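J.: 3D, please:
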Amino acid sequence: SYTDLSNNSTYSNVTTPTLTVSNAQLTMSGYKYRCRVSGTCTPAVNSNPGTLTVLPNIFTTSGSGTICPGQLIIPVTVTDFISVGSFSLTLAFNASVLTFTGHQNLHSALSAGSFVSNASNGKVYLTWSNINVATIPNGATLVELKFTGTPGTSALTWDTQTPGNCEYVDGNGLVVFSTWTNGNATIHTPPAVTTHPVAKTIYGGGSTSFTASGAGTGIGYLWQVSTNGGVGFSNLTNVSPYSGVTSSTLTINPATVAMNGYQYRCVISGTCTPAVNTNPAVLTVTQTAINTSTGTLTNSCTGNLSVPVNVTNCSNVGSFSMTLVYDTTKLTYSGYHSAHAALSGGLMAVNRVANKV
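T.: Okay, the predicted model is just below:
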């Protein structure tokens, strides 16, 4: 018996001289198709039937994986694995990144046969045979391959170029059509320190920075401080005087005398664990900088001028030397007065040479 066709996802052009069949399934093998040709006159006539033969096409897919260094499991899945009596599969990989360590979870349909897996020169060889054919449900896992991975990438490529390396055979000893999909493996690089911060010395009220660098996949930075000589460290936040706490460079502005002896380190984390710490760097903060300034005077008349020399943050000073340059065509140095009382116990000498006091 025959049934009229209509255009759908499988059939198209059903009212034209050429019928198109798309996505043919194995269950359609043996279907017969004929064309009814009608015209102005009756009766319509039927063509001789044409038989559709759908050959098996086994789809084999290598899984892909992205991991941190360690064990990598690559599933091999199949579709249209029907009435197979034996097979040989060869999957090439980058031996500098991956090391084959065996297999697991071989499909139960293959348990009655003889299965062997081994690797050599960057290729995994899988063979199976049995006197009874096996069928595996579509999309099921044929077997899982076990590797140990080190940082890097590796293509997982089926060797379809070497005759017999990737081949399925049915129960009659005939090679079955097959389609192969390659995979890929990516093994992340764990975080590592490439540059440690170095100790810094700064005066109180000044600014400085510490820099570190790291390598690895997806690395990030977080600076920490120890206020107890390195016994314990706590995370910093971008609150004055700190900025750049999640970058490779930590900036401190301003540094206070109270921060003298603080230690700073950077935690470098990444996609893989564990995070790594840089060596700590010590911040040395000397006393706050002494600011020295001369007063500015405006006088339209000639005569004596007293130019004050002012200081701020002048503490714990044992000695000083200052040199003030002036214009000898406008001014004549004639001495000093009103030295601060704190200097009375020492020796102070003030003199002029050329245009310098």
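J.: from here on, contacts and neighbour counts on C-alpha atoms
T.: Noted.
J.: contacting residues around the longest strand seen in the chain?
T.: Longest strand in the chain by number of residues, with DSSP state E as the criterion: strand 123-136. The contact list for strand 123-136, computed with CA atoms under 8 Å, 6 or more residues apart in numbering, reads 78-93, 100, 107, 109-110, 112-119, 142, 170-171.
J.: now do 6 Å
T.: Contact with strand 123-136 is made by 81-93, 109, 113-119, 171, as judged by CA atoms under 6 Å, 6 or more residues apart in numbering.
J.: Quick one: mean pLDDT over it.
T.: Average pLDDT, strand 123-136: 97.
J.: Just the buried residues from the contacts of strand 123-136, in ChimeraX please.
T.: The buried residues among the contacts of strand 123-136 can be selected in ChimeraX (16 or more other CA atoms under 10 Å) with this line:
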select :81,82,83,84,85,86,87,88,89,90,91,92,93,115,117,119,171
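J.: can you tell me which of the contacts of strand 123-136 are in strands?
T.: Those of the contacts of strand 123-136 lying in strands (DSSP E): 81-92, 114-119.
J.: now the longest strand of the chain, how far from the chain's geometric center?
T.: 39 Å (CA atoms, centre = their mean, to the nearest Å).
J.: next one: stretch 247-264
T.: The answer for stretch 247-264 is 30 Å, by CA atoms, centre = their mean.
J.: Check which residues of stretch 121-136 are buried.
T.: Lys123, Val124, Tyr125, Leu126, Thr127, Trp128, Ser129, Asn130, Val133, Ala134, Ile136.
J.: Bridge partners for the last one, pull those for me.
T.: Meaning Ile136. Phe81 (DSSP bridges).
J.: Please tell me how far it sits from Ser83.
T.: 9 Å (CA to CA, to the nearest Å).
J.: now swap in the fourth one and tell me
T.: Between Leu126 and Ser83 the distance is 18 Å, computed by CA to CA.
J.: Phe210 too?
T.: For Phe210, the distance to Ser83 - CA to CA - is 68 Å.
J.: what does Asn260 give?
T.: 79 Å.
J.: How about Ala258?
T.: Counting by CA to CA, the gap from Ala258 to Ser83 is 81 Å.
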